[in-house]
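Chemist: got a predicted structure plus its sequence, pasted below:
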Amino acid sequence: MERVYNFSAGPCALPEAVLLKAQQELLNYNHTGMSVMEMSHRSKDYMAIIESAEQLFRELMQVPDNYKVLFLQGGASSQFAMVPLNLLNRNNKADYVNTGVWATKAIKEASRYGKINVVASSEDKTFNYIPKLDQAAFDPDADYFHITTNNTIYGTRYNELPDTGNVPLVGDMSSDILSKYYDVKRFGLIYAGAQKNMGAAGVCVVIVREDLLGNAMDFTPSMMNYKNHADNGSMFNTPPTYGIYLCKLVYEWLKDQGGVAAIAEVNIEKAKLLYDFLDNSALFSGTAAKEDRSIMNVPFITKEHKLDDQFLKEAAANGFVNLKGHRTTGGMRASIYNATPLSTVQKLVDFMKKFEAGNK
Ligand code: PMP
């Protein structure tokens, strides 16, 4: 069977070269006579895999030496609790920006542990924009300031990071990590689920500045305390070994592509192709505010949603799958993460043009 054009928001398309490499190494990894799934996490071969994954990731993200990189489990959603449990440790309060469902969940979870101040929200327009941030509303005594750098469901992203002064900035980077350059130094902590730009679901990568470690709340479960993971090189317990191995393969692939700077250029070109078409179409239109448009997730609709279902049906019949928008927004969404080549976006645009011509 032919592989489809997969626009899923995550888990999503992975680079074919990565899948082939995993296949090739599946039964007998590096002459060990076993699969990576079958080896002890403390074996020499596995230690080399996790160390290489961390090294490559540090290189790709230009992670400074005073930050730890942790490979954890529980998805990005576990971080909604781990961040406050570990970081609400001085004044027991934090600032959050509400830019969608994931931010809302993060706010709800953090509110169980301290006083959460929502400094801005775009809920009034179904989160289709990034709210303007007024620094006067920031609490200088907050223990941290939380944003979602890219909003997967609505296709919005920050063009500029908020200046939070000495208050550590925390970024949920699940859907745009490694898609463009981010200055890690601007953040106290970054977290991202792996299932978009890094590999398979199950792994969550955390980058945390060392001085923020070691002050978790007393009742923090051991598994949720960053310091335990940091002190044990992400081996406080059995880590998600195969998932981390897949991350390593994706990082190698990304390095082969020329790294983050090179993929960012391709990503901008891909997004421009799609947005230019949407902006000039009589049938289709994008739903996110132009100035805040994501280069990873592109939500769109047909005029008054009238032909959404028909479009999705015909698209699927032609091999363009997982284009249905999130259940809370409807319409369509094309997720075009790092692994989606420009040629695939071109094929989608060609198909949309054809659909439009046939439905005048
Ligand atoms: N944050 C963002 C921005 C997301 O897109 C997602 C998942 N789509 C999550 C958090 C939750 O991730 P997980 O399902 O891995 O917990």
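Modeler: Happy to help now that I have it.
Chemist: helices of the stretch 51-200 of the chain, start to end?
Modeler: Taking DSSP state H, counting those that start in this stretch as the criterion, the stretch 51-200 of the chain contains helices spanning 75-87, 101-110.
Chemist: any idea of the mean pLDDT for stretch 188-202?
Modeler: The pLDDT scores in stretch 188-202 average 98.
Chemist: of all the helices of the stretch 51-200 of the chain, which one is nearest the ligand?
Modeler: Of all the helices of the stretch 51-200 of the chain, it is helix 75-87 that lies closest to the ligand, at 2.7 Å by Cβ to the nearest ligand atom. (Glycine included, C-beta is placed from N, CA and C.)
Chemist: for that closest one, what is the average pLDDT?
Modeler: For helix 75-87, mean pLDDT is 98.
Chemist: what about the residue nearest to Ala142 when sequence neighbours are not counted, distance to the ligand?
Modeler: Once flanking residues are discounted, Ala142 sits nearest to Asp95: 4.6 Å by Cβ to Cβ, 6 or more residues apart in numbering. Distance, Asp95 to the ligand, by Cβ to the nearest ligand atom, to the nearest Å: 18 Å.
Chemist: would you agree Asp95 is in contact with Pro140?
Modeler: No - judged on Cβ atoms under 8 Å, Asp95 makes no contact with Pro140 at a distance of 9.8 Å.
Chemist: more neighbours: these two, which one.
Modeler: Between Asp95 and Pro140, Asp95 has the larger neighbour count (other Cβ atoms under 10 Å), namely 26 against 11.
Chemist: residues from the chain in reach of the ligand?
Modeler: Proximity of the chain to the ligand, by Cβ under 6 Å from any ligand atom, involves residues Gly10, Gly75, Ala76, Ser77, Trp102, Thr148, Thr152, Asp172, Ser174, Ser175, Gly193.
Chemist: rerun at 5 Å
Modeler: By Cβ under 5 Å from any ligand atom, the residues of the chain that approach the ligand are Gly75, Ala76, Ser77, Trp102, Thr152, Asp172, Ser174, Ser175, Gly193.
Chemist: in TSV: the residues you listed, plus neighbour count.
Modeler: What follows is the residues of the chain next to the ligand, written out as TSV (neighbours: other Cβ atoms under 10 Å):
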residue	neighbour count
Gly75	17
Ala76	25
Ser77	16
Trp102	21
Thr152	26
Asp172	29
Ser174	28
Ser175	29
Gly193	27
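Chemist: okay then, goodbye and thanks.
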